[in-house]
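>>> sequence? don't have it. structure:
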């Protein structure tokens with residue numbers, strides 16, 4: 001049996017993952033803060049890059065990618081349940 005974390009209105013719960021150049025991090029975080037829903041990112045710094053991860057429903061992915069467009073970034077996604085299971 002397959003289990004999916006989902007909302008009827010907004011689809012499956014995803015883990016959004018971004019690889020951001022450190023010099024862009026502050027601006028990217030500000031863009032995410034301007035989204036019409038709360039974003040509580042987890043940050044991990046690796047060399048000249050920062051990994052930014054946060055949960056969001058699939059129905060909000062277009063808004064995330066639109067906010068990231070000025071930075072030439074696109075969100076990588078995976079089902080949240082898979083991320084939890086590791």
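Looks like it arrived, so ask away. Because the structure is a prediction, the values reported are computed rather than measured.

>>> buried sites along stretch 36-54?
39, 41, 50, 52, 54 (16 or more other CB atoms under 10 Å). All C-beta atoms are positioned from the backbone trio N, CA, C, and that covers glycine.

>>> pretty sure residue 56 contacts residue 37?
Yes: Residue 56 lies in contact with residue 37 (CB atoms under 8 Å); the separation is 7.3 Å.

>>> element containing the most centrally placed residue in the chain, please.
Nearest to the mean C-alpha position of the chain, by CA atoms, centre = their mean, lies residue 16 at 2.8 Å. Assigned by DSSP states H and E, residue 16 belongs to strand 11-21.

>>> in the sheet, which strands lie alongside that strand, parallel or antiparallel?
strand 6-7 (antiparallel), strand 49-57 (antiparallel), strand 76-79 (antiparallel) (DSSP bridges).

>>> need the contact partners of the last one.
The contact list for strand 76-79, computed with CB atoms under 8 Å, 6 or more residues apart in numbering, reads 4, 5, 12, 13, 14, 15, 16, 17, 18, 19, 58, 61.

>>> what about this structure, any weak spots by pLDDT?
1-7 (pLDDT under 70).

>>> ok, what's across the strand from residue 54?
Going by DSSP bridges, residue 54 forms beta bridges with residue 16.

>>> which pair of the buried residues of stretch 36-54 spans the longest distance?
Pairwise distances among those were taken by CB to CB; the largest, 14.7 Å, belongs to 39 and 50.
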